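In: Have a look at this prediction, sequence included:
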Amino acid sequence: MTSIDPQLPLFLGLMSGTSADGIDAALVQFPVEGGCRFVHGHTFDWQVRTRDALVALGQGAEPASLDALGQLDAEVGIAFAAAANGLLERAGIAHAQVRAIGSHGQTIRHRPTASPAFTWQIGDANRIAELTGITTVADFRRRDVAAGGHGAPLMPAFHLAMLGSSGEDRAVLNLGGIANLSLLARDGSLRGFDTGPANALLDGWCQRHLGTAFDADGAFAASGRVDEALLARLLDDAWFALPPPKSTGREQFHLDWVDARLGDTPLAPADVQATLLELTATTVTGALLAHLPGVRRLLACGGGVRNTLLLRRIAARLPGVEVVSSAAYGLDPDYMEAMGFAWLARETLAGRPGNLPSVSGARGPRILGAIHPA
């Protein structure tokens, strides 16, 4: 735990991503001179039943009933509140010291190209405010979608504020369930978009064949060989050819999608894992070089940073580019998004826009989120 500055307010961010592998909670402060001071963080496990329901919905399953969906919304809100309370207890911080919570919620549908477009994150923020006694800002994505944007990714503005440099072209790569890039050009311009699947497929295939939640250090993939024919079929999906702005989720890239491209091809599970890892490396680096060819530094964050084979494959495809963890710049890679939603809560309370039209495609800057007073 980092010492806190008693002169600065504390903000708490809560994030559960596409992989639904846990609730990341981060307690931060924002110094006047800029940057982000990480105070404390912890990842809280979902109850197995709740996670199974969230993963199924995220992959396109229909809820059993409206009652079941309403109850799940309440349960997710209660779980987020418990994570916030648990983090403060671990940190020894009084609730009254926290200015606000920024809660992402849990995405169950993301349809930015539907007519009308929509995105849906559950996790009742009224319950978070009620059970923590802390003002809670949530539902950050839907205003951007209402303004014609994709509602995602939302982290590029935070990345620019924390990691932008006038001395070089940089990029931030978030390796969550879905991989996304923030392109931080030296001239101050910014773009960001999803590049395709990352942990969602790797974790799902690993769970199916090994019964483990993730592929530690990429060992399962390392035991197999990339199948070039399968890789070509995966890359042939029309989504990869779409120009930015673009975003996606588990409803697009899931194990049924993999199975459909496998067909009757007899491949060892380890070979499929190796190919899925190469798919992520290929799509990330291809998008990066196409849209920021002068990039000199790639800062990686998200759970995929712990997959050392994946990082090596990305680096191998980027000669002349330094690939490092965001930790090298003082931002814990495991809690980057949770810190980002704490920052978005601060921006909302200050009346400042949290989206970037150059990233999401929205008609203009918008103040994001709904405020639920303590």
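Out: Cool, got the structure.
In: Any stretches of the chain with poor pLDDT?
Out: Residues of the chain that meet the criterion pLDDT under 70 lie in 1.
In: Which segments of it make up each domain?
Out: 10-151+333-372, 156-329 (automatic domain parsing).
In: What I need now is those domains written out in TSV, including mean neighbour count for each item.
Out: Glycine gets a C-beta too; all of them are placed from N, C-alpha and C. TSV is the format used below for those (neighbours: other C-beta atoms under 10 Å):
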stretch	mean neighbour count
domain 10-151+333-372	20
domain 156-329	19
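In: In TSV: those domains, plus distance to Thr2.
Out: As requested, the domains of the chain are exported to TSV (distance: least, C-beta to C-beta, whole Å):
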stretch	distance to Thr2
domain 10-151+333-372	5
domain 156-329	13
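In: which residues in the chain form strands?
Out: 10-15, 23-29, 37-44, 98-103, 106-111, 118-122, 136-138, 170-175, 178-184, 190-197, 297-301, 322-325, 370-372 (DSSP state E).
In: Identify the single longest helix in the protein, thanks.
Out: In the chain, assigned by DSSP state H, the helix with the most residues is helix 66-91.
In: in the stretch 251-374 of the chain, which spans are helices?
Out: Using DSSP state H, counting those that start in this stretch, the helices of the stretch 251-374 of the chain run over 255-262, 269-291, 308-316, 336-349, 357-360.
In: Output the shortest one as PDB, restricted to C-alpha atoms.
Out: So the one you mean is helix 357-360. Presented in PDB, the C-alpha positions along helix 357-360 are these (Å, rounded to 0.1, in the frame of the first residue of the first chain):
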ATOM      1  CA  PRO A 357     -14.900  11.300 -30.400                       C
ATOM      2  CA  SER A 358     -11.600  10.400 -32.200                       C
ATOM      3  CA  VAL A 359     -11.800   7.100 -30.400                       C
ATOM      4  CA  SER A 360     -15.400   6.200 -30.100                       C
END
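In: Which elements pack onto that helix?
Out: Helix 357-360 sits against strand 190-197, with contacts defined as 3 or more C-beta pairs under 8 Å, 6 or more residues apart in numbering; DSSP states H and E.
In: For the strand it packs on, which helices and strands make contact with it?
Out: Counting by 3+ C-beta pairs under 8 Å, 6+ apart, strand 190-197 packs on helix 156-163, strand 178-184, helix 269-291, helix 357-360.
In: Okay, angle between the third one and helix 255-262 too, please.
Out: Here helix 269-291 points in a direction 100 degrees away from that of helix 255-262 (axes from the mean of the first three to the mean of the last three C-alpha atoms, to 10 degrees).
In: ok, back up a step: could you dump the strands of the chain to TSV with distance to His150?
Out: Shown next, in TSV, are the strands of the chain (distance: least, C-beta to C-beta, whole Å):
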stretch	distance to His150
strand 10-15	18
strand 23-29	22
strand 37-44	27
strand 98-103	20
strand 106-111	8
strand 118-122	8
strand 136-138	19
strand 170-175	15
strand 178-184	11
strand 190-197	8
strand 297-301	20
strand 322-325	26
strand 370-372	19
